[in-house]
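Colleague: just coords:
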């Protein structure tokens with residue numbers, strides 16, 4: 001069938017496929033296409049209007065509106081995410097840390113002799129907590145384990161903390177922490193996630209908590225105070241059967257002042273650490289965990305076989321003598 005100019009003028013053009021209007025009510029003339037419903041005229045042009053070799057189609061036509069263009073769709077509003085700035089954890093210098101400790105423990109140091117007294121009541125009360133190893137209240141060895149003594153804060157800062165190598169992911173424990181000086185000092189001078197201390201004698205725990213309260217008041221005007229104090233825990237308990245708040249399961253680095261620990265107690269403590277501390281990587285003690293370590297220890301399945309031997313040894317200053325040794329054990 002041949003198309004004539006008359007046929008072409010009468011041909012109805014559907015612009016539905018162009019997404020501009022529906023085919024219903026749309027007619028085409030030589031001047032353009034009129035949508036009867038909207039009254040809008042669309043100009044229809046073709047590159048070669050006299051070529052009829054192909055069937056009439058909408059290919060090659062350009063449709064433009066004589067009226068103003070339709071308004072653009074509004075762009076969706078972008079919601080800006082508020083970035084919460086995490087306050088940086090303050091790490092105190094050696095001098096700052098020592099000054100804070102002197103302030104917080106001023107009352108404890110003024111009555112230091114109280115910390116060294118071990119009454120029969122202390123022994124009886126501590127023996128009730130010490131369920132990991134059974135001792136009699138009158139047993140000389142158990143009474144000896146309650147002997148009080150401290151590593152000087154200067155040696156903690158200069159020697160012990162560098163040995164511990166505490167980082168942001170570490171949880172530090174002081175087993176037999178006394179009043180908790182090392183626990184607080186570790187929180188002040190390192191970025192570790194938490195510091196925890198376990199002590200058998202309740203009087204020492206109470207003094208440590210008073211020092212912690214003093215620390216909170218001293219830091220009350222700083223933004224660092226809540227984060228600092230929340231990282232510190234000092235509890236009464238037995239390391240062989242630790243309390244829930246300091247159960248040793250999360251421990252990565254441990255310090256033990258085991259100078260007064262007998263062989264049996266030390267074996268029990270080491271067995272507890274091996275079974276309860278899957279993430280433990282460093283252990284610092286003031287006496288060797290095995291005085292006669294040899295290949296036989298591995299064959300017997302002793303706890304000391306889980307650490308590299310011999311340990312690194314260094315000298316530190318303590319309150320009961322001029323100096324003593326500290327040993328660093330790395331977990332295998």
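Modeller: Sure, I can see it. Keep in mind that this is a model prediction, so the values were computed, not measured. Numbering: from 1, shown residues only.

Colleague: ok, residue 181 to residue 270 distance?
Modeller: 24 Å (C-beta to C-beta, to the nearest Å). Where C-beta positions appear, they are placed from N, C-alpha and C, glycine not excepted.

Colleague: and residue 96, by the same measure?
Modeller: Per C-beta to C-beta, residue 96 is found 35 Å from residue 270.

Colleague: ok, those two, which is more surrounded?
Modeller: residue 270 (23 against 13; other C-beta atoms under 10 Å).

Colleague: the more buried one belongs to a helix?
Modeller: Yes. Judged by DSSP: H, G, I helix; E, B strand; the rest coil, residue 270 forms part of a helix.

Colleague: out of everything not next to it in sequence, what's closest to it?
Modeller: In this structure, residue 270 finds its nearest non-sequential neighbour in residue 303, 3.7 Å apart by C-beta to C-beta, 6 or more residues apart in numbering.

Colleague: and stretch 240-250, what's buried?
Modeller: For stretch 240-250, the neighbour count (16 or more other C-beta atoms under 10 Å) marks 240, 242, 246, 248, 250 as buried.

Colleague: for stretch 147-158, that is, sorry about that
Modeller: 148-153, 155-157.

Colleague: just stretch 295-304 next, same as before
Modeller: Buried, per 16+ other C-beta under 10 Å, within stretch 295-304: 297, 302-304.

Colleague: could you chop this structure up by domain?
Modeller: Here the domain parsing of the chain from automatic domain parsing is 5-65, 94-330.

Colleague: lowest average pLDDT across those?
Modeller: Here the lowest mean pLDDT among those goes to domain 5-65, at a mean of 46.

Colleague: residue boundaries of the helices in the stretch 101-250 of the chain?
Modeller: Ranges of helices in the stretch 101-250 of the chain, per DSSP state H, counting those that start in this stretch, are 106-110, 112-116, 120-129, 140-145, 153-155, 161-164, 181-189, 202-218, 225-230.

Colleague: next up, the contacts around residue 195.
Modeller: By C-beta atoms under 8 Å, 6 or more residues apart in numbering, the contact set of residue 195 is 171-174, 183-184, 186-187, 231-233.

Colleague: now, the buried residues of stretch 240-250 that are in strands?
Modeller: Among those, none falls in strands (DSSP state E).

Colleague: which single one of those residues is nearest to residue 264?
Modeller: Relative to residue 264, the closest of the buried residues of stretch 240-250 is residue 240; by C-beta to C-beta it sits at 11.0 Å.

Colleague: does the closest one touch residue 272 like I think?
Modeller: Yes. Residue 240 is within contact range of residue 272, at 5.0 Å (criterion: C-beta atoms under 8 Å).

Colleague: residue 101: neighbour count?
Modeller: The burial count for residue 101: 21, using other C-beta under 10 Å.
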